[in-house]
Each structure stands twice: as structure tokens, then as C-alpha cells.
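>>> Here's a sequence, model it:
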Amino acid sequence: MEKWKAKLDIFLAGFEHIDDAIGVLVCGSYVTGNPTRHSDLDVHIVLNDRVLYRERGNKIVDGLLIEYFANPPKQILRYFEDDFGDGSLMAQTQFATGEIVLDKNGDVATLKGKALAMIDAFYEGGKMDPSMSDLTKYGLWDMLDDLQDAHENDRLDFDFLYFNSLNKMIATYMQCINRPYNLKTVLGNISNDVVRGKYLLRELPDSTIGGLIEKSIITASRKEKLDLYEKLTNAILDNFGGFCVDGFKFKSDVAV
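Residues are numbered from 1 along each chain as shown. Down below sits the predicted model:
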């Protein structure tokens, strides 16, 4: 038996609400591979649908940090719906890649199947023509303009502004191409088959943009940061039909 399984048994034996549990699923690096000394054991405890509570917490068992999430199936399905809506697919990926260690009546297997189906459905939606609004395009142009100003004036907070803006730009791009976005996996999504397999990610549709994102994340030079950021902004805008700030306007109803 793997060491984490013995420690999980100890945790479950002492879990306060174990009588309400109908299933247990373990996910994360101990299941998908390559855990580090900072890895914890992620445990989903599926409760029966009669309970009126949910709980999450942490417990250290013989040096292993166990992070647990106890929810009835209907609550887990709500997490699936929320994550599908915001494009993160985090809950679905955990269940899809997780290992079932207890399933009294098949509910955990059903949730796992639902998670896999929703991931497929999410990517299938990406086959539609991607689009980006002019207001979103202006936002990307405006961030570039602000960053250029910070560089030209040698502002001390340039690097902070750079990474904050880069994060927003990548998140915007990923949303527009119907791809989940996670800070911890975006570089691996571009450059590593193992990471893509671990998180059920699919390659980006434009290798040029992917390459620029990778270089923008890892470069150390301030000048190169700005050059790459400008190239990446223009590549993304060109991918969605281009943008010219001269003549831009946006009209909408008042909000009161």
C-alpha cells in the first residue's frame, strides 16, 4: 500500500462526519504523479444528500497535510456548474483525474462521469468561431499603453504592472478561445505534455501566441518584457480581426 493511503485511512477513521459519507475521491499530485514535499493530499468526501452542511479543512497525519472537502452530490454539481460557467473547470478536473477509494452506491462514479462529460462539452464549445468585443480589445490596447508609459518613465513598479497586466491579458485570451486558465498550469499547458495530461488540458490553437506567452512569462529583461508584451498584444488583437484606437467608441444603456 502506498504511504498516503495508510495516512488517508487514519484520517477517515477520525473524521467527525464519517457516518454521513457515501464516497471518497482522492485527487492531486499523489494520484496524477510527481508530488513534491509541498504537495498535500486533496480528498473529496461525498456526503449523503440528506445533510444540510458542507465542510472543508486541513489535517496533518504523520507529516502529510490532508486538505479535505466534504459536500453532498448536489453541492458538488453546483461547483461543476459554477466552474463550467467561469471556464476554470477546476472541480471537474479534480473529479475526472481523481481516484475513487470509496463509493457505497455509485454516486462518486456518476460525478466522475459527469465531470468528464462537462470537460468534453466545454472544449466542444470551443469549435465555434471565437470572438472578442471591441471593448475588450480596447482594454488590451490600454494596458499596453500604460505599460509603455511605465517603461519610458522607468517606474519602480514596472515589473509589478507587467505581470499583473500579462495575467489579465492571458486570462482574456484564454476566455475568448474557450480554454481554462490557471496561473499554475498555463506555462505547462504551452510547453509540457505531462502537465497537459495531468490537468486534461488541450494545446492552444495558435502556436505563435503560445510561444509569445511562454517567452513573456520567463524573460528577465525589462526591455524584452515590453517588446514581448507588445508583440503578444498585437498578435492576440490580429487574431480577432485587429483593433485601431482612433475612432473607438462604445455606447450602452445607463446602469441606474
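>>> Which secondary structure state is assigned to the residue most central in space within the chain?
Closest to where the C-alpha atoms of the chain average out (C-alpha atoms, centre = their mean) is Asn182, at 3.1 Å. Here Asn182 is recorded as coil under DSSP: H, G, I helix; E, B strand; the rest coil.
>>> And the contacts of stretch 145-161?
Where contact means C-beta atoms under 8 Å, 6 or more residues apart in numbering, the residues beyond stretch 145-161 that reach it are Tyr162, Ser165, Arg222, Lys223, Lys225, Leu226, Tyr229, Glu230. Every residue, glycine included, has its C-beta placed from N, CA and C.
>>> mind listing what's buried in the helix or strand where the fifth one lies?
Taking DSSP states H and E as the criterion, the element that holds Lys225 is helix 222-239. Under the neighbour-count criterion of 16 or more other C-beta atoms under 10 Å, helix 222-239 has Lys225, Leu226, Leu228, Tyr229, Leu232, Thr233, Asn234, Ala235, Ile236, Leu237, Asn239 buried.
>>> Ok, stretch 30-40 next?
Buried positions in stretch 30-40, judged by neighbour count with 16+ other C-beta under 10 Å: Tyr30, Val31, Thr32, Asp40.
>>> Stretch 151-169 too?
Within stretch 151-169, the residues scored as buried using 16+ other C-beta under 10 Å are His151, Phe158, Leu161, Tyr162, Ser165, Leu166, Met169.
>>> and what of stretch 178-186?
Asn178, Arg179, Pro180, Tyr181, Asn182, Thr185, Val186.
>>> now, the most widely separated pair of the residues you listed?
With distance counted by C-beta to C-beta, no two of these lie farther apart than Asn178 and Thr185, which are 16.0 Å apart.
>>> thinking again about what came up before, looking at the contacts of stretch 145-161, spot the one nearest Tyr68.
The shortest approach to Tyr68 among those belongs to Ser165, at 36.3 Å (C-beta to C-beta).
>>> can I see the domain layout of the chain?
The record's domain split for the chain, according to automatic domain parsing, is 3-125, 134-239.
>>> The shortest one - what's its average pLDDT?
So the one you mean is domain 134-239. Throughout domain 134-239, pLDDT has a mean value of 95.
>>> Send over the host helix or strand of Asp83 as CSV, restricted to the C-alpha atoms.
Using DSSP H and E, Asp83 falls within helix 73-86. Extracted as CSV, the C-alpha positions of helix 73-86 are listed here (Å, rounded to 0.1, in the frame of the first residue of the first chain):
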residue,chain,number,x,y,z
PRO,A,73,-23.6,15.4,-4.5
LYS,A,74,-26.0,18.3,-5.2
GLN,A,75,-23.4,20.8,-3.9
ILE,A,76,-20.6,19.2,-6.0
LEU,A,77,-22.8,19.5,-9.0
ARG,A,78,-23.2,23.2,-8.2
TYR,A,79,-19.5,23.6,-8.1
PHE,A,80,-19.3,21.9,-11.5
GLU,A,81,-21.8,24.3,-12.9
ASP,A,82,-20.0,27.4,-11.5
ASP,A,83,-16.6,26.2,-12.8
PHE,A,84,-18.1,25.4,-16.2
GLY,A,85,-19.6,28.9,-16.3
ASP,A,86,-16.4,30.7,-15.4
